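In: quick one: sequence plus predicted model below, questions after.
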Amino acid sequence: MAVILGIESSCDETSASVCVNGEIKSNVIATQVIHSKYGGVVPELASRAHQQNIIPTVDQALQQAKITKNDVDAVAFTRGPGLLGSLLVGTSFAKSFALAKNIPLIDINHMQAHILAHFIDDPKPNFPFLCLTVSGGHTQIVLVKDYFDMELIGQTLDDAAGEAFDKTAKILNLPYPGGPLIDKYAQSGNPYAFKLPEPQIADLNFSFSGLKTAILYMVQAELKKNPNFLEENMNDMCASVQERIVSILLNKLKKAAKQTGVKDIAIAGGVSANSGLRKSLLEMGEKYKWRVFIPKFEYCTDNAAMIAIAGHYKFLKKDFVGQDVAPLARIPM
């Protein structure tokens, strides 16, 4: 029986999870609310919050899984990518735990873990499959050939999709994090009320900086004509923004599916919790006869369950690291 303790601390969520023989027994997430008043994640504050949260979070995860620290066979932790100070807290805890218990240490690529979250529950995708990973810091199309054999075939050239949502929310005077609020207002709006441009980017790559600028200029122009423009058109603006971001993502995903011939299509990352993206992907899947895989909401945002399940598959390969391992803010797929 393999018992894996997973640790996630790449950004502003401290999370711990226990995986027993490939089954998630607990997934505890401590979300940091302190960043909302600053309009974004403050790295130093995130690091300090991780230091406060990590021991009680791990303790709660062990209790929920009904095991003790002596039952743990290996510790898996997020090595990167992420905020270096935040990663350092999780890495240091994992190294200390593994050293104290004399058990193996497993380093995990955060973006690979988002993709491997699809192996937590059934049904699971078959290899090879395509995964659109969309978060606050990354937007990628990945051809997944095996658990740790992944090819990056498309990515953003500037802003990520999550950044596009959050920065647009700021333009619309919505509080941080703005992505979920845009999703909420969009459900009552007309997605075709405002015409927004679709960037013409080569190959399977993305760009969202031009869209963000177009939204800014449009809102500024409309506010000059009507100071109450945002209050009167918030639902329609959010629906139009969401429709355009989703269409940019899915048009590239459709192109990738056509080029590769792959029929198993998945999404992952924080933005995969967006209701418009989930609904549109399911509709596209029906149209093109894809097998579509969408993670549960609790596995979309940063969580340790995906770290633990990735650790489980590395444990089976005996793919361990030593105590000299260090976190990396940037790490290739």
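Out: Sure thing, it's come through.
In: so how many other residues sit close to Q64?
Out: Neighbour count for Q64, taken as other C-beta atoms under 10 Å: 15. For the C-beta atoms, the positions are set from N, CA and C on the backbone; glycine is no exception.
In: where does the residue lying closest to it once chain neighbours are set aside land on pLDDT?
Out: Nearest residue to Q64, sequence neighbours excluded (C-beta to C-beta, 6 or more residues apart in numbering): S26, at 3.7 Å. Note on S26: pLDDT of 98.
In: so what touches the helix or strand containing S26?
Out: Element membership for S26, per DSSP states H and E: strand 23-31. By C-beta atoms under 8 Å, 6 or more residues apart in numbering, the list of residues contacting strand 23-31 from outside reads 12-19, 49, 53, 56-57, 60-67, 120, 298-299, 301-305, 308-309.
In: now do stretch 57-73: distance from first to last residue.
Out: 19 Å (C-alpha to C-alpha, to the nearest Å).
In: who's in contact with it?
Out: So stretch 57-73 is contacted by 1-5, 7, 14-18, 20, 25-30, 93, 97, 101, 103-104, 304, 315 (C-beta under 8 Å, 6+ apart).
In: can you list the buried residues in it?
Out: T57, V58, A61, L62, A65, I67, V72 (16 or more other C-beta atoms under 10 Å).
In: now for this protein, the helix or strand with the poorest mean pLDDT.
Out: Least confident element among the helices and strands of the chain, by mean pLDDT, DSSP states H and E: helix 161-171 (a mean of 94).
In: what about the helix or strand that it is followed by, distance to the chain center?
Out: Following helix 161-171 in sequence order, the next helix or strand is helix 179-186 (DSSP H and E). Centroid separation for helix 179-186 versus its chain: 17 Å, with C-alpha atoms, centre = their mean, to the nearest Å.
In: with only the CA atoms kept, save helix 179-186 in CSV.
Out: Presented in CSV, the C-alpha positions along helix 179-186 are these (Å, rounded to 0.1, in the frame of the first residue of the first chain):
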residue,chain,number,x,y,z
GLY,A,179,-12.6,36.0,-13.1
PRO,A,180,-15.4,34.4,-11.0
LEU,A,181,-17.3,37.7,-10.9
ILE,A,182,-17.2,38.0,-14.7
ASP,A,183,-18.5,34.4,-14.9
LYS,A,184,-21.3,35.3,-12.5
TYR,A,185,-22.5,38.4,-14.3
ALA,A,186,-22.0,36.8,-17.7
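In: helices and strands around that helix, which ones?
Out: Applying 3 or more C-beta pairs under 8 Å, 6 or more residues apart in numbering; DSSP states H and E, one finds that helix 179-186 contacts helix 161-171, helix 229-260, helix 275-288.
In: now do 6 Å
Out: helix 161-171, helix 229-260 (3 or more C-beta pairs under 6 Å, 6 or more residues apart in numbering; DSSP states H and E).
In: which residues touch that helix?
Out: Identification of contacts with helix 179-186 by C-beta atoms under 6 Å, 6 or more residues apart in numbering yields F165, D166, A169, L174, M234, N235, C238, A239, Q242, N274, S275.
In: show me what whatever helix or strand comes next after it is in contact with.
Out: Using DSSP H and E, the helix or strand that follows helix 179-186 towards the C-terminus is helix 209-225. Applying C-beta under 6 Å, 6+ apart, the contact partners of helix 209-225 are D158, D159, A164, K167, T168, I171, P197, P199, F229.
In: give me the angle between helix 209-225 and helix 229-260.
Out: Relative orientation of helix 209-225 versus helix 229-260 (axes from the mean of the first three to the mean of the last three C-alpha atoms, to 10 degrees): 160 degrees.
In: how about helix 209-225 as CSV, C-alpha atoms only?
Out: C-alpha atoms of helix 209-225 as CSV (Å, rounded to 0.1, in the frame of the first residue of the first chain):
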residue,chain,number,x,y,z
SER,A,209,-2.9,41.5,-24.5
GLY,A,210,-4.5,43.0,-27.6
LEU,A,211,-8.0,42.0,-26.4
LYS,A,212,-7.4,43.6,-23.0
THR,A,213,-6.3,46.8,-24.7
ALA,A,214,-9.4,46.8,-27.0
ILE,A,215,-11.7,46.3,-24.0
LEU,A,216,-9.9,49.2,-22.2
TYR,A,217,-10.3,51.6,-25.1
MET,A,218,-13.9,50.6,-25.7
VAL,A,219,-14.9,51.1,-22.0
GLN,A,220,-13.1,54.5,-21.9
ALA,A,221,-15.0,55.7,-25.1
GLU,A,222,-18.3,54.5,-23.8
LEU,A,223,-17.8,56.1,-20.4
LYS,A,224,-17.2,59.5,-22.1
LYS,A,225,-20.6,59.2,-23.8
